[in-house]
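1. dropping a prediction and its sequence here:
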Amino acid sequence: MKKIIKMLMALQIGTTSASFLTSCVKKYQYMYDIWVITSGGSINDQSYIQSAWEGASKYIVSQFAQAPMANWQDSPLRASYFEPSGITPGEFKSAYITASIAGAKTLILPGFSHANTIGWAANLVDNVIFIDGSGQNVYKNMDPHGSLADNIVGILFQKEIAGFLAGLVTAIWLNLHQTEFQQQLNIATYGGMDNPVGVSNYLWGFLLSSDLFNEIIKTDNSYHNLRQLGTDILAIMQKINPKINNLLPIKKVQEVLNDNESWFSQSFNQGEGKVISDYLINKKASIIFPVAGPQTQDTIDRIKYNQTKTKVVGVDTAQSRIYGDEYIITSGLLNIAQATQDALSNIYSSTCSYNNATKQWENNKLDYCWINTNQSSKTNPNWLGIEKTKWIDDSIINYINNDAKIAKLTTTIGIIYDQIKQAHFTDTLKLTYQTQNKLKTDWLETLENCLK
């Protein structure tokens, strides 16, 4: 793809057609108006980038109705893409310019790496979709003395909820494997670096799920509505394994109120998650939830080395597609493909004054147009979910995705996190926990009341 575009630039072609691209690349017919610019990885990274590209491509296929949408991959139509050779500002800027010269109307930028260059992109094309970041208060051309960009759609995910859902499924899975773990159901988590909106919120939600699970399985607490959740979960589990008679509590191997506890590897580089993985394995973690990019592989490698039964919960995208399902039991999902498709469907519609005949945007945008706004999983709950693997029964996935009480619970959890998140994770934990094994009463009462 990059070689093709370099040829176009050399020939000084202002725009290019999908048919020309097809003549050079036979497998796919790349559409020139929608481009994905990668952020340090391959378009086929089976993670953020590929998910964005697939969402964009699925949108394009839907506009031409070449195949049933259930089999959209059978269509040759795809969004165009460019893979910069690195992640420096200059390399990103060159990628934006290249796509613009090739005829891009919309640039899709997956990942926070684009945050420091997005203003350049906004000045080159009609609109930009920035995945996992805000599009507000961005200066065109990254010039702080210039005007603010008004053509960016920011896509935001409540990762604390994705972490919570992953933790809840973990608690259910561990209880289905009580014997295997000798009734010691222990969880642990770590991140690359402390970031309250990109890493630490995942950890917080995962930990919170275990303590809430421990409350809902109690028979002697005063939280009737929460206790009903425990009854619902036990009923689902007994259909999977009728021998399950009771639910066991989940133990956190890390001390949430200890300022010196290890939560971060201090890097997102592969190889630097080994020390903290060994630490958590030695503390008898049954499940580890790494939020540190490729350090998921470090954790799996250390599990193999230590020859333990420890399993892993992935993050962001379907991690079993990357690492296999021998160790990955599920993943807390950000439905990046769906978010991308939804954003394009909005942008290229009459809601945003898009004229399909002229292929241009007019100036009478409606209130529901997403351009120059941030959109969140708060109002698009289908942007979050749980990965289906061989370990997780369909009934569990259906429960997580469709139960009204779970939906109320996750909405409230998002509100709580917004109220208490701090710059440092340890400070957030102090506002969350009363003791190592108990949430603050105010939060339990808030969660109980949301289910009324």
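-> That came in fine, so what should we check first? Remember, predicted model here, so these are calculated numbers, not experimental data.

2. shaky segments in the stretch 101-250 of the chain?
-> Regions of the stretch 101-250 of the chain meeting the criterion pLDDT under 70 are absent.

3. can you give me the helices in it?
-> 118-122, 159-176, 200-216, 224-240 (DSSP state H, counting those that start in this stretch).

4. go on, the stretch 351-452 of the chain?
-> With DSSP H, counting those that start in this stretch as the criterion, the stretch 351-452 of the chain has helices spanning 394-402, 404-420, 425-430, 441-450.

5. highest mean neighbour count out of these?
-> Most buried of the helices of the stretch 351-452 of the chain by mean neighbour count (mean count of other Cβ atoms under 10 Å) is helix 425-430; its value is a mean of 19. C-betas here are computed from N, CA, C, even on glycine.

6. helices and strands around that helix, which ones?
-> Using 3 or more Cβ pairs under 8 Å, 6 or more residues apart in numbering; DSSP states H and E, the elements in contact with helix 425-430 are helix 200-216.

7. relative to helix 441-450, how tilted is the helix it packs on?
-> Here the directions of helix 200-216 and helix 441-450 differ by 70 degrees (axes from the mean of the first three to the mean of the last three Cα atoms, to 10 degrees).

8. follow-up on the earlier one: so which of the helices of the stretch 101-250 of the chain is nearest Ile87?
-> helix 118-122 (13.4 Å; Cβ to Cβ).

9. ok, residues contacting the closest one?
-> With Cβ atoms under 8 Å, 6 or more residues apart in numbering as the test, helix 118-122 has contacts from 37, 92-93, 96, 107, 109, 114, 128, 130, 133, 135, 138-143, 149, 151-152.

10. now do stretch 317-325
-> By Cβ under 8 Å, 6+ apart, stretch 317-325 touches 46-48, 51, 296-297, 300, 312, 314, 328, 330-331, 333-334, 336, 387, 389-391.

11. name the nearest residue to the residue positioned nearest the centre of the chain, sequence neighbours excluded.
-> Geometric centre of the chain, nearest residue: Leu334, 2.7 Å, by Cα atoms, centre = their mean. Nearest residue to Leu334 in three dimensions, chain neighbours excluded: Phe157, at 4.7 Å (Cβ to Cβ, 6 or more residues apart in numbering).

12. what about that neighbour, distance to Thr446?
-> According to Cβ to Cβ, to the nearest Å, Phe157 stands 22 Å off from Thr446.

13. pretty sure the residue nearest to the centre of the chain contacts Thr340?
-> No. Between Leu334 and Thr340 there is no contact under Cβ atoms under 8 Å: 11.0 Å.

14. can you add distance to Phe181 and mean pLDDT and give the helices of the stretch 351-452 of the chain back as CSV?
-> Rendered in CSV, the data for these read as follows (distance: least, Cβ to Cβ, whole Å; pLDDT from 0 to 100):
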stretch, distance to Phe181, mean pLDDT
helix 394-402, 18, 96
helix 404-420, 25, 97
helix 425-430, 25, 98
helix 441-450, 27, 97
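
15. give the contact list for Ala162.
-> Tyr202, Gly205, Val315, Gly332, Leu333, Leu334, Leu384, Gly385.

16. residue contacts, the first one?
-> What that stands for is Tyr202. Tyr202 touches Lys159, Glu160, Ala162, Gly163, Thr189, Gly191, Phe289, Val291, Val315, Gly332, counting by Cβ under 8 Å, 6+ apart.

17. for those, which one is nearest Asn363?
-> Lys159 (35.7 Å).

18. and the gap between that closest one and Ala292?
-> From Lys159 to Ala292 the distance is 13 Å (Cβ to Cβ).

19. now the common contact residues for those two.
-> With Cβ under 8 Å, 6+ apart, Lys159 and Ala292 have common neighbours Val199.

20. could you list the domains of the chain?
-> 2-156, 159-334+384-450 (automatic domain parsing).

21. ok, back up a step: list buried residues within the contacts of Tyr202.
-> Lys159, Glu160, Ala162, Gly163, Thr189, Gly191, Phe289, Val291, Val315, Gly332 (16 or more other Cβ atoms under 10 Å).

22. need those residues in TSV (columns: distance to Arg227).
-> Output for the buried ones among the contacts of Tyr202, formatted as TSV (distance: Cβ to Cβ, whole Å):
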residue	distance to Arg227
Lys159	28
Glu160	23
Ala162	25
Gly163	23
Thr189	26
Gly191	32
Phe289	26
Val291	30
Val315	30
Gly332	25
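
23. still on that earlier bit, identify, from the contacts of Ala162, the entry nearest to Ile420.
-> Using Cβ to Cβ, those come closest to Ile420 at Gly205, 12.3 Å.

24. hang on, the earlier thing: can I have the buried ones of the contacts of helix 118-122 as a PyMOL selection?
-> The buried residues among the contacts of helix 118-122 can be selected in PyMOL (16+ other Cβ under 10 Å) with this line:
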select buried, resi 37+92+93+96+107+109+114+128+130+133+135+138+139+140+141+142+149+151+152
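
25. which of the contacts of helix 118-122 fall in strands?
-> Ile37, Leu107, Leu109, Val128, Phe130, Ile152 (DSSP state E).

26. show me which of those residues is closest to Gly198.
-> Nearest member of the ones in strands among the contacts of helix 118-122 to Gly198, counting by Cβ to Cβ, is Phe130, at 13.7 Å.

27. all set now, cheers.
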